[in-house]
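Novice: model this:
(5 chains, ligands or ions: 5)
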Amino acid sequence: QQLETVTVFAAASTTNAMTDIANAYEAAGKAKVVCSFASSSTLAKQIANGAPVHVFLSANPAWMNYLAQKKLLAEGSRIDLLGNQLVLIAPVASTIQGEVKPGFPLTEWLAGGRLAMGDPDHVPVGIYAREALTNLGVWPQLGPDNLALAANVRAALALVERDEAPLGVVYATDAAISDKVRVVAAFPADSHKPVVYPVALIAGRDTVAAKGFAEFLRSEAAAEVFKKYGFVVK
Amino acid sequence: MDIFALGPAEWQAIRLSLWVALWAVAGSLGPAIAVAWILARLRFPGKTLLDGLVHLPLVVPPVVTGYLLLVILGRRGVVGSWLHDVFGLNFMFDWKGAAVASAVVAFPLMVRAIRQSVEAVDVGLEQAARTLGAGRWRVFLTIILPLALPGVLAGLVLAFARGLGEFGATITFVSNIPGQTRTLPLALYSALQAPGGEEVAARLCVVAMVLALGALLASELLSRRLAARLGG
Amino acid sequence: MDIFALGPAEWQAIRLSLWVALWAVAGSLGPAIAVAWILARLRFPGKTLLDGLVHLPLVVPPVVTGYLLLVILGRRGVVGSWLHDVFGLNFMFDWKGAAVASAVVAFPLMVRAIRQSVEAVDVGLEQAARTLGAGRWRVFLTIILPLALPGVLAGLVLAFARGLGEFGATITFVSNIPGQTRTLPLALYSALQAPGGEEVAARLCVVAMVLALGALLASELLSRRLAARLGG
Amino acid sequence: MFLAKLRKRLGELDLEVEFCRDAPGVTALFGPSGAGKTSVVGMLAGLTRPDAGRVELDGRALYDSATGVNLPPEKRRVGYVFQEGRLFPHLSVRANLRYGQRLTPPGQAWADFEQVVEMLGLEPLLRRRPGRLSGGEKQRVAIGRALLASPRLLLLDEPLASLDAQRKDEVLHYLGRLRGRMAIPVIYVSHQPEEIVALADAVVHIQAGRVTARDSLELFRRRLAAGEAHSAGGA
Amino acid sequence: MFLAKLRKRLGELDLEVEFCRDAPGVTALFGPSGAGKTSVVGMLAGLTRPDAGRVELDGRALYDSATGVNLPPEKRRVGYVFQEGRLFPHLSVRANLRYGQRLTPPGQAWADFEQVVEMLGLEPLLRRRPGRLSGGEKQRVAIGRALLASPRLLLLDEPLASLDAQRKDEVLHYLGRLRGRMAIPVIYVSHQPEEIVALADAVVHIQAGRVTARDSLELFRRRLAAGEAHSAGGA
Ligand SMILES: Nc1ncnc2c1ncn2[C@@H]1O[C@H](COP(=O)(O)OP(=O)(O)OP(=O)(O)O)[C@@H](O)[C@H]1O
Ligand SMILES: Nc1ncnc2c1ncn2[C@@H]1O[C@H](COP(=O)(O)OP(=O)(O)OP(=O)(O)O)[C@@H](O)[C@H]1O
Ligand code: MOO
Ligand SMILES: [Mg+2]
Ligand SMILES: [Mg+2]
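Specialist: Residues are numbered from 1 along each chain as shown, chains lettered A, B, ... in the order given. Ligands and ions are numbered 1, 2, ... in the order given. Sure thing, here's the model as predicted:
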């Protein structure tokens, strides 16, 4: 018989994990899963404009709230699926050692270079980074000349990979995909609001198959995959 | 790096890209020729405005173009909902939407190339055809179009190449769906998100360049043939 | 929507955009004219290859162009490190880098426009100048360049407009630094990414269109003047 | 019958002419460069719109400023041989010749392909492209093309001007053959008295946009002998 | 002294000509269209490279296939008046005239601006643009421009071909004045016997790429009277 199709919009940062999970689900013969990966804002806007999607996995609560306000989420389907960790990275060859704690010597480590991070105006990881640096008391020391604000995590990562920036703030999951950077230290969990990836079904599209897949995302098997790629499973 | 070591997903993206770019140029050819002819041959108030409008997609960042397409042609959009209700046409999530995005972004390039070649057609030949009994429309089909063919070809290939490379408008408008809207540049973007994806990305980049250069080269040869035929 | 309600950050982005686009066209004008002349007037093996290379930035997604620029012109890049050591030139995180990104992306458009107008210059006039004692270089400066001026102008403005809209290559290459590299499209992109940013985005989009259309219009008028001067 | 009254402002030139022909035969428009000859012919063909006046052919108004009639060129059935030939470069000689013929409304066609080809000696050229023709051959094809559209009036605008003496003689020879066999009026523009003497039945002198004299062929010959035509622009 | 031996394959045409002039004066190249006249002149000016041969002017080789000498056009000091004028449309008449004059190496200039302007009657045109000149005026400016570069050889390629009779007479008049005052050899291309009779000192007949006859002016006149020149392409 014809398998039902579940369409999933997922934040670009979950590309690898979600691809693996979708493949596993399909292999189990449960349903056909089609994934689209782009930045959460792009996906949210497409949903708001009528994209026929069943499941949305956002990289931050803001864009999920945006859809909730528009009453586009299926009642009661939203949960926080994943967490992530904010880490400070440096090029593999870098000798910087130390701990990220209140008052840590960031400007010293930068030594005149720039800190690569997502643009805190709109890139989720940048927003968390600013919050954390502020709470740790080092944000005020950073002027426009100490920052390289990238359009997305990937671009920030590229700047550190190419040694254009001596340090960068990305998610642990991003640091994991590159062998040209190393993690200097993780940010203390209490320095910023928890990084949360909410998932929800779209209103009017909470089909049995969609619910089934959402259920699978919370299964042990899925959790294994998410952990493999560095996510924290809630 | 072995650029021929492409996986099935990558081949799918390449095939889809070619398909989308082909439809994009096929669909925009007619309007492009019409607009090019209007800009080349007519004088009317507001012509500069039309000229400007045609250039807009060149000037506006593709992401914005994509967003505007989403708002207009999306299922909730003014035009999109109508197209859906009346014709059952659906762009969202569909290669047709990707073709529309490519077409819109490449349109100004196509119009420019065609316009220039239409302008180069001697008005004297049109007049001659008129005195022989051909109306405006027939003159267009039998004189202008064949003589502007090299320019039309150049415009076609340029637009095709630009369409192959289209990223921002596509991902913003029709998302990134394997087999439907994940064209070569989108696959390239996705590859960059994965560990060790640079290699796949580099491979896809080379493929994109080869395809585009191949198209340019083919058009060069073809247009030389055409020119030789006109000369002889 | 009040499109004049622009904040200081937005005005800064607009000023920076104009500055970057101006330098982009100013810097690429010379090379573009040279390449256009070579493609229009010389025949040599590998010409089609050069033609293809020139077209590459049109075909490759801007983000990829930006990444390649980063690899080549970054401080650790082959050319970038040399430029830095020898000339103290630094593109990274600098408006100069944004100008380079805009210039590279707009280059093919400029070359195409100039090439076409150089091709339209009667070779007979060049021959006449040669018999009057002018060498190739002088012929170029005194005959070809002035006669191709309308096309050069068109290319300039088209490239300027395209440069104003450049987003992907810029943000990838030189990041998004207020006052240095946050041009209009980057500001626009930022606005689009934030929930509720549509209004700011729409305002900036209108500004971008107005600037680009203004440039196109001005060039149209100027080139009509030029044509009239040649005619009279 | 054919009749033209035309007025048009052309930059500096104030054009105002009037002439007619009531039988088949050749009326020459004779005058120096810039006199307005090509402009007149263009208005007859419908390529330029006069400011005022009337053009009438076989009782039908092609243009009339009084009634607002202004037929487009394709409805006028006026054949036009341009100074520069204007052959369609992308079509073979045969296709050029057929272009207008195929568009002739049924019942209005009087020109026969074989006959025209024979009369103008086009047989050996039929498969060639215009790019491969000499100037004289081009003009012969252009004449054939105009004839095959079965016009009711034929306009020839200095068809020999760009040809050297040999080619001129060749085309003149064919034009002579034509003249004896044509049942429609012909307007022949030239500033070469020899051509006019060889072809025309009547001569309209045009200078600076005005008709300065009208000659029968006999009168024109005499004027020529007296050296007067020279000052009107001939050699 | 001036001497040319040229060989060149031009498509179907196998061009091979030889001629010289050892005193100031006008040598006419006379022949029908397609004979190769423009090609010859182009090779003298250095715009086309012959396959083999030698071009010598005042003892200096401009081209020599034996020694590999091939001066570029700008080093030859050969004035060229093209059939179509080829004035620079973006420059005023004055700037057109000055173009070559300013490039003349010091000590080599023999042409005087005032004198050339006076001789060709260019004074009233100096401030105009080429687009505003009549055909005859254009050719006069083109001649003046070539002269003001102080050439050692002047080439005139059918300078009257595109003019009507009146303008032709006008330019011919100026060319006649010129002829009496020039101290350099002139090559004059034409297929109009009248022009040749009016201007030339000697005539080289060219047909299908070969020199078929060489006439003094006197001989040419006689040939013309006997109707022979006509068959060589004149009228
Ligand atoms: N559209 C126009 N606008 C202004 N002036 C024009 C226009 N068309 C023609 N003229 C002018 O009208 C005059 C007559 O031109 P026309 O071509 O009819 O002359 P002609 O007798 O055919 O000359 P020729 O023998 O050189 O072909 C010229 O002075 C020309 O400059
Ligand atoms: N580059 C070329 N390649 C091939 N054939 C050529 C080339 N240049 C000229 N020809 C041919 O050489 C012949 C001579 O041409 P040329 O222009 O020298 O003749 P001409 O005597 O000046 O004729 P006209 O009186 O028509 O100006 C022509 O048949 C022409 O087609
Ligand atoms: O929505 Mo993302 O995972 O920050 O690109
Ligand atoms: Mg005329
Ligand atoms: Mg010639």
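Novice: now do the contacts for the residue in chain A that ligand 1 sits nearest to.
Specialist: Distances between chain A and ligand 1 by C-beta to the nearest ligand atom are smallest at A:Asn49, namely 53.3 Å. C-beta here means a position set from N, CA and C on the backbone, and glycine is covered the same way. Contacts of A:Asn49 were listed using C-beta atoms under 8 Å, 6 or more residues apart in numbering or on different chains, and they are B:70-71, B:74-77, B:92.
Novice: and ligand 1, which of these reach it?
Specialist: Of the residues in the contacts of A:Asn49, proximity to ligand 1 by C-beta under 6 Å from any ligand atom holds for none.
Novice: of the residues you listed, just say which sits nearest to D:Pro24.
Specialist: B:Gly77 (67.2 Å; C-beta to C-beta).
Novice: chain D versus that closest one, what's the distance?
Specialist: In this view, B:Gly77 and chain D are 42 Å apart by C-beta to the nearest C-beta, to the nearest Å.
Novice: now swap in A:Thr173 and tell me
Specialist: For A:Thr173 relative to chain D (C-beta to the nearest C-beta), the value is 62 Å.
Novice: show the pLDDT at that residue.
Specialist: A:Thr173 is assigned 89 on the pLDDT scale.
Novice: burial check on the residue of chain B found nearest ligand 3, number of neighbours?
Specialist: Closest approach of chain B to ligand 3 (C-beta to the nearest ligand atom) occurs at B:Gln193, with a separation of 8.3 Å. Neighbour count for B:Gln193, taken as other C-beta atoms under 10 Å in any protein chain shown: 21.
Novice: excluding covalently adjacent residues, which one is nearest to it?
Specialist: A:Thr15 (4.2 Å; C-beta to C-beta, 6 or more residues apart in numbering or on different chains).
Novice: the one you found contacts B:Ala194, correct?
Specialist: Yes: A:Thr15 is within contact range of B:Ala194, at 6.2 Å (criterion: C-beta atoms under 8 Å).
Novice: between those two, which is the more surrounded one?
Specialist: For the pair A:Thr15 and B:Ala194, the greater number of neighbours falls to A:Thr15 (23 against 15), based on other C-beta under 10 Å.
Novice: let me know the next secondary structure element after the biggest helix by length in chain D.
Specialist: The longest helix of chain D (DSSP state H) is helix D:165-181. Counting by DSSP states H and E, the element after helix D:165-181 in chain order, helix or strand, is strand D:185-190.
Novice: can you name the next helix or strand after that next one?
Specialist: Using DSSP H and E, the next helix or strand after strand D:185-190 towards the C-terminus is helix D:193-199.
Novice: do whichever helix or strand comes after that following helix and chain E meet at all?
Specialist: Reading on from helix D:193-199 to the C-terminus, the next helix or strand found by DSSP H and E is strand D:202-207. No: interface with chain E: strand D:202-207 contributes nothing (C-beta under 8 Å from any C-beta of the partner chain), its closest point being 11.0 Å away.
Novice: and strand D:202-207 with strand D:185-190, angle?
Specialist: Compare the direction of strand D:202-207 with that of strand D:185-190 by axes from the mean of the first three to the mean of the last three C-alpha atoms, to 10 degrees and you get 40 degrees.
Novice: in stretch A:131-150, what's buried?
Specialist: Buried residues in stretch A:131-150, defined by neighbour count with 16 or more other C-beta atoms under 10 Å in any protein chain shown: A:131-133, A:135-136, A:138, A:142, A:146-150.
Novice: circling back to that earlier point, residues in contact with the residue of chain B closest to ligand 3?
Specialist: Taking C-beta under 8 Å, 6+ apart, we find B:Gln193 in contact with A:12-13, A:15-16, A:37, A:154, A:177.
Novice: ok, A:Glu161 next?
Specialist: So A:Glu161 contacts A:91, A:178, A:180-181 (C-beta under 8 Å, 6+ apart).
Novice: distance to A:Thr42 for those residues - can I get that in JSON lines?
Specialist: Converted to JSON lines, these look like this (distance: C-beta to C-beta, whole Å):
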{"residue": "A:Pro91", "distance to A:Thr42": "30"}
{"residue": "A:Ser178", "distance to A:Thr42": "23"}
{"residue": "A:Lys180", "distance to A:Thr42": "27"}
{"residue": "A:Val181", "distance to A:Thr42": "26"}
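Novice: thanks a lot, catch you later.
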